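1. Next come a sequence and a model predicted from it.
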Amino acid sequence: MKQSIKTVGWSLAIFVAFYLILYFSTERYRCVSMDILPHWSYFWSLKPVTVIALFIALVFCFVAVFASRKFRWGMPVSALVLLSLLLFYRHIIIQSRGSSACGSCANHMHHICSYFTQWAEFDKPSASTRLPNSTEFQDFLDMLATNGYPHLKDQNCAGYRLSTLKTGYAFVGGGLSLNTVIEKQPLLAFCDAACHPKPFDRLQHAMIGTGSTPDGGNTDELVALIKNAIRQAQSGEVPYSLEAVEVMKEQLRKRGR
């Protein structure tokens with residue numbers, strides 16, 4: 001009886017360790033759209049196969065403990081199989097979250113574009129009003145918040161946890177007057193390269209002027225938008241700040257361009 005209790009105890013302990021390692025090694029890939037879920041439940045939000053996978057891991061924990069007691073080779077073989085399961089499940093979770101981030105990114109940027117369009121074209125602020133003189137998109141969202149448009153979590157880039165930027169968006173419209181934004185329709189913000197690592201870089205989005213829907217696409221299309229904005233800055237067509245131009249150049253380097 002005591003032996004059985006020990007077997008169950010060790011099996012559960014190994015499974016908990018397995019789960020925690022899996023949890024913390026994939027947490028940074030957690031898509032913003034999953035933030036509404038309790039932390040203990042978000043594995044179950046992926047696919048039913050995840051539940052089955054964890055059940056298999058739990059069963060194997062029992063097998064591993066039993067084999068390590070009965071066979072000399074049981075411990076190393078069991079450890080190798082558990083490590084293989086861990087790496088396999090981690091890969092599946094990261095792939096699923098990357099795909100989810102690709103699919104939900106447009107919705108997040110669309111909310112912001114809609115708010116900005118409504119404020120700029122319908123609330124009729126002064127044409128001389130300037131966007132925050134900053135390269136942090138959070139400051140832009142704070143400006144909208146002071147005008148009655150609250151900042152919600154779903155206004156962050158879907159993959160913002162992978163970025164060093166607060167929201168996952170690079171902001172390059174700092175200091176531009178509202179009049180310039182309306183007339184020139186320049187590039188204002190776009191997804192940080194870190195938010196959409198390969199192979200999840202097929203859907204990246206950008207905020208163009210007062211357009212109510214986001215622009216963008218794959219890496220090549222977003223790079224074209226950034227290069228055009230740099231050209232506009234160099235020609236004087238759009239008075240981007242020096243800091244904004246540096247941000248754009250840095251984003252090109254991050255994308256290998």
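-> Looks like it came in fine. These figures come from a predicted structure and were not determined experimentally. Numbers count the residues shown, from 1 in each chain.

2. Kindly report the domain assignment for this protein.
-> Listed by automatic domain parsing, the domain ranges of the chain are 2-98, 104-254.

3. okay, now Val172: neighbour count?
-> Val172 has 30 neighbours, counted by other CB atoms under 10 Å. C-beta coordinates here come from the backbone N, C-alpha and C atoms, glycine included.

4. Go through the domains of the chain and find the least confident stretch.
-> When these are compared by mean pLDDT, domain 2-98 comes last with a mean of 67.

5. Which parts of the protein are strands?
-> Counting by DSSP state E, the chain has strands at residues 169-171, 187-191, 204-208, 215-217.

6. Please convert those strands to TSV, extending it with mean neighbour count.
-> Formatted as TSV, those follow (neighbours: other CB atoms under 10 Å):
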stretch	mean neighbour count
strand 169-171	27
strand 187-191	28
strand 204-208	25
strand 215-217	18
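
7. would you turn the ones you listed into a markdown table with distance to Asn147?
-> Formatted as a markdown table, those follow (distance: least, CB to CB, whole Å):
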| stretch | distance to Asn147 |
| --- | --- |
| strand 169-171 | 17 |
| strand 187-191 | 16 |
| strand 204-208 | 16 |
| strand 215-217 | 23 |
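
8. Could you point out which of the ones you listed sits nearest Lys198?
-> Closest approach to Lys198 among these is made by strand 204-208 (11.6 Å; CB to CB).

9. Extract the C-alpha trace of that closest one and format it as PDB.
-> Taking Å, rounded to 0.1, in the frame of the first residue of the first chain, the C-alpha atoms of strand 204-208 are listed here in PDB:
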ATOM      1  CA  GLN A 204       1.700  42.200 -40.000                       C
ATOM      2  CA  HIS A 205      -0.200  45.400 -39.800                       C
ATOM      3  CA  ALA A 206       0.300  49.100 -40.100                       C
ATOM      4  CA  MET A 207      -1.600  52.300 -39.200                       C
ATOM      5  CA  ILE A 208      -1.700  54.600 -42.200                       C
END
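
10. Each with direction, which strands does that strand pair with?
-> Strand 204-208 sits in its sheet next to strand 187-191 (antiparallel), strand 215-217 (antiparallel), going by DSSP bridges.

11. Nearest to Arg255, out of those?
-> Going by CB to CB, the one of the strands paired with strand 204-208 nearest Arg255 is strand 187-191, 10.5 Å.

12. got a list of contacts for that closest one?
-> 105, 109, 112, 131, 137, 140, 157, 159, 168-173, 176, 181, 204-209, 216, 222, 225-226, 228-229, 251 (CB atoms under 8 Å, 6 or more residues apart in numbering).

13. Spatially, which residue comes closest to Leu85, not counting chain neighbours?
-> Ala57 (5.5 Å; CB to CB, 6 or more residues apart in numbering).

14. Thanks again, I'm all set now.
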